[in-house]
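Participant: next comes the sequence, and after it the predicted model I'd like to discuss.
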Amino acid sequence: MRLAAVALAVALAAPAAAQTRDTLTIGITQYPSTFHPNIENMAAKSYVLGFARRPLTAYDADWRLACLTCETLPSIENGLAERETTPEGKAGIRVTYRLIEGLRWGDGTPVSSEDLRFAWEAGRDAATGFGPAEFYRSAYELIVVDPRTVTLRFDRVTFEYASMGDFQPLPAHIERARWQADPRAYRTRTAYDTETTNPALWNGPYRITGVQPGASVTLDRNPAWNGAAPAFRRITIRTVENTPALEAQLLAGQVDMVAGELGLPLEQAIALERRTGNRFRFLYQPGLIYEHMDLRHDHPALGDIRVRRALLMATDRAQISERLFAGRQPVAHSSVNPLDPMFDPDVRQTRFDLAAARALLDEAGWTPGPDGIRRNAAGERLSLEFMTTAGNRAREQVQQVLQGMWRVAGIEARIRNEPPRVFFAETLSRRRFQGLALFAWISAPESVPRSSLNSDEIPREATNWSGQNFGGYRNAEMDVLTQTIPEQLDVPQRRAMWRRLQAIYAEDLPSIPLWFRADAHVWPQWLDGVRPTGHLNVSTLWAEEWRAR
C-alpha cells in the first residue's frame, strides 16, 4: 500500500513538475565574434541577440513583415509612408515609425528616438563600419518627431520601404560617447563587447548576464521588458563547434535542445532520429539558406570563368546531396531559392560533366602534370586553398568529397579550416582567404543580394571592412541590377529583373553554388512555441512565446 501511494503521488506530481521547469539549455555550433547588433553578420550572433534585443521590423514564420518595436508598419495607404522629391530632385520617400510604449533598456531607461538617431548617425559615418552600408547611404535624413517617433527620409523608393532590416535602436546613453571619441575604433571599444553583461544594452525579453568567450552565453529574464512574460527564468546557450560532441551533450542531457539555425547537420539529425525514436522532437525546416563556395576573383586561376565553371562541372552535387543528405537538400543553380517568390525555374543548370571540366581546364592553359595535378605554362600547380568552419562535420565531409572529385579533374584542394568566430570575423570579413571558402548565406524573402554581389560592397579598409562581397566580384550589369531591383515596384517588371540577375549568376559564377540547406531542429518533448522561420530572421526573436509543458 505504501509503495502504491508513493507511486501515485509521483504520478500526480509529474505534470506539476513539468510546469515548473524554468531553465533551458541550447546547443549551437558557433560563438559570436561580436555582440554588437550592427557590426559583422554572423548567424550565431543573430541567434543569441534574438533573445536580448529587438529591431524595428522582421519577417515572421509566415514570411510576413511585422513590427517588433514599432506600433504600425508604414504604408502609403495609412499615411505613414509618403512619396516626395529629395533636395537633389530625385524620387524619394519618407517613412515614419513610432516606438511601442513602455519599451525600456535593461537599466530602466526608456528606448527613445534618440537611440534610433544614434544608430543612424553611427551608420551614416563610413568609418564606423556598420552594414549594410547602402541602407545608411539611402537614409539621408532622420527627423525626431517626438521622444518615440522618427521619420526617415530615403533618396529612393523601394518595394521594401517598410522593412528596416537590421536598423534598430542602440542605447545612446551608453554608446554615443564611445563612438564620438573615435568612430573608426568604435568597433573594438563598444560596450557590447567590453561590458556585454551591462543590462543597459538589452531591450528584449532577456538580457545577457554571463559570457564565457568561445563557450557559452547566459541570459536571464529582463525585468525591464514590458511585453509578454517569457516562460524561462534562464536560458543558457552553449557553443560546441564539433557536431558529434554536440550530439553527445544532447544525449547526455547537458543541453536540452539543438538550435536548427546552427545545429546538427541534416544527415546527422536523421541518423539520430532513427536511433532515439520519440525521445526528442525533430523538425526539418527548408529555408532560404544557400550553401556555396565564395572564391577570390583576384586569384590567378579563379579569376578565369573557365576554371570556375570547371570546378562546378567537376562537382557531382546531386550525388553529394543524395549520399550525405538523403536527397533533402536541392541542388542550387543560383543564389535564389525555389521557395523564394522570385525564383526562375528556367535558370541555366550546370550538370556534372567531368570530361567537359577537363576540356575547359585544357582550354584555360592548365594541363596535367606527372602527379595528375594540372600546371600552367609557368609550371605553377592548380592548387587551391579550401576553407570552412572547423568542427562542422557535414561541411568537413563535403570538403573531403570535393577534394577527391576535383583531384580526378586535376585540381588540388588544400584544406585549411578555422573556428567559426575567426573564419567569419577575420578571414572572410577582411578578405584574408586565398582560394575557396565554404559557408552559407541566409536571406529574407525576396532579399536583393546587393551586399554580396555589388562591387561597392567589397570589404576594404577605407570602409572599416563593411560589406559582404568577400570574393571581390565585379560585374557592371550586376551592380545596376542590385541597385535598381529594389526600386522597381511593379512586380512583373521586378520579376524580369530577377530573372536576369539569376541568369548572370549562373553564367558568371560569382560563387560556386552547391545546394539549399534544410535545418534540423531538435527539441525536447516538453518544449512548445518555437517557430522556425526558414529565413534570415531567427526564431529567437519570438522567444517570449516559448513554453514548457
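Facilitator: Received, thanks. All figures in this text were calculated on a predicted structure; none of them were measured in a lab.
Participant: please make it C-alpha for all contacts and neighbour counts, starting now.
Facilitator: Will do.
Participant: any idea how far residue 309 is from residue 283?
Facilitator: Separation of residue 283 from residue 309 (CA to CA, to the nearest Å): 35 Å.
Participant: the two: who's more crowded?
Facilitator: Legend: neighbour count by other CA atoms under 10 Å for residue 283 and residue 309, higher for residue 309 (22 against 14).
Participant: wasn't the more buried one part of a helix?
Facilitator: Yes. Counting by DSSP: H, G, I helix; E, B strand; the rest coil, residue 309 falls inside a helix.
Participant: these two touch, right, it and residue 509?
Facilitator: Yes. Counting by CA atoms under 8 Å, residue 309 does reach residue 509; the two are 7.4 Å apart.
Participant: shouldn't residue 186 be within a helix?
Facilitator: Yes. Using three-state DSSP, the assignment for residue 186 is a helix.
Participant: mind pulling up the pLDDT for the closest residue to it other than its chain neighbours?
Facilitator: In space, residue 186 comes closest to residue 179 once its chain neighbours are excluded; the distance is 5.2 Å by CA to CA, 6 or more residues apart in numbering. pLDDT for residue 179: 97.
Participant: how about the one 4 residues further on?
Facilitator: The per-residue pLDDT reported for residue 183 equals 96.
Participant: same check, this time on residue 129
Facilitator: 87.
Participant: count of residues packed around it?
Facilitator: Using other CA under 10 Å, residue 129 is surrounded by 28 other residues.
Participant: swap in residue 403?
Facilitator: Applying other CA under 10 Å, I find that residue 403 has 18 neighbouring residues.
Participant: likewise residue 114?
Facilitator: Neighbourhood size, residue 114 [other CA under 10 Å]: 20.
Participant: quick thing: my sequence starts at 792, can you match it?
Facilitator: Sounds good: first residue 792 from here, last item residue 905.
Participant: which strand or helix spans it?
Facilitator: Per DSSP states H and E, residue 905 falls inside helix 904-915.
Participant: next, the buried residues of the next helix or strand along the chain from that helix.
Facilitator: Downstream of helix 904-915, the first helix or strand assigned by DSSP H and E is helix 924-929. Of all the residues in helix 924-929, those buried under the rule 16 or more other CA atoms under 10 Å are 924-927, 929.
Participant: then stretch 1155-1163?
Facilitator: So, applying 16+ other CA under 10 Å, buried residues of stretch 1155-1163: 1155, 1157-1159.
Participant: okay, and which of those residues map to strands?
Facilitator: Counted as lying in strands by DSSP state E, out of the buried residues of stretch 1155-1163, are 1158-1159.
Participant: of the buried residues of stretch 1155-1163, just say which sits nearest to residue 845.
Facilitator: residue 1155 (50.6 Å; CA to CA).
Participant: show me what contacts the closest one?
Facilitator: Residues near residue 1155 by CA atoms under 8 Å, 6 or more residues apart in numbering: 1095, 1097-1098.
Participant: again with residue 889
Facilitator: 861-863, 939-941.
Participant: can you list the residues you listed in a markdown table and add secondary structure and pLDDT?
Facilitator: Shown next, in a markdown table, are the contacts of residue 889 (DSSP: H, G, I helix; E, B strand; the rest coil; pLDDT from 0 to 100):
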| residue | secondary structure | pLDDT |
| --- | --- | --- |
| 861 | strand | 96 |
| 862 | coil | 97 |
| 863 | coil | 97 |
| 939 | coil | 98 |
| 940 | strand | 98 |
| 941 | strand | 98 |
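Participant: adding neighbour count and distance to residue 875, write the residues you listed out as CSV.
Facilitator: Shown next, in CSV, are the contacts of residue 889 (neighbours: other CA atoms under 10 Å; distance: CA to CA, whole Å):
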residue, neighbour count, distance to residue 875
861, 21, 23
862, 15, 23
863, 18, 21
939, 21, 23
940, 19, 19
941, 21, 17
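Participant: save those as CSV, and put in distance to residue 983 too.
Facilitator: Listed next are the contacts of residue 889 as CSV, based on distance: CA to CA, whole Å:
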residue, distance to residue 983
861, 23
862, 27
863, 29
939, 23
940, 25
941, 24
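Participant: of the residues you listed, closest to residue 989?
Facilitator: Top of the list for closeness to residue 989, among these and by CA to CA, is residue 939 at 23.2 Å.
Participant: ok, that closest one to residue 880 distance?
Facilitator: Plainly put, residue 939 is 30 Å away from residue 880 if you go by CA to CA.
Participant: for residue 1319, which non-adjacent residue is closest in space?
Facilitator: Nearest to residue 1319 is residue 1338, by CA to CA, 6+ apart, at 5.1 Å.
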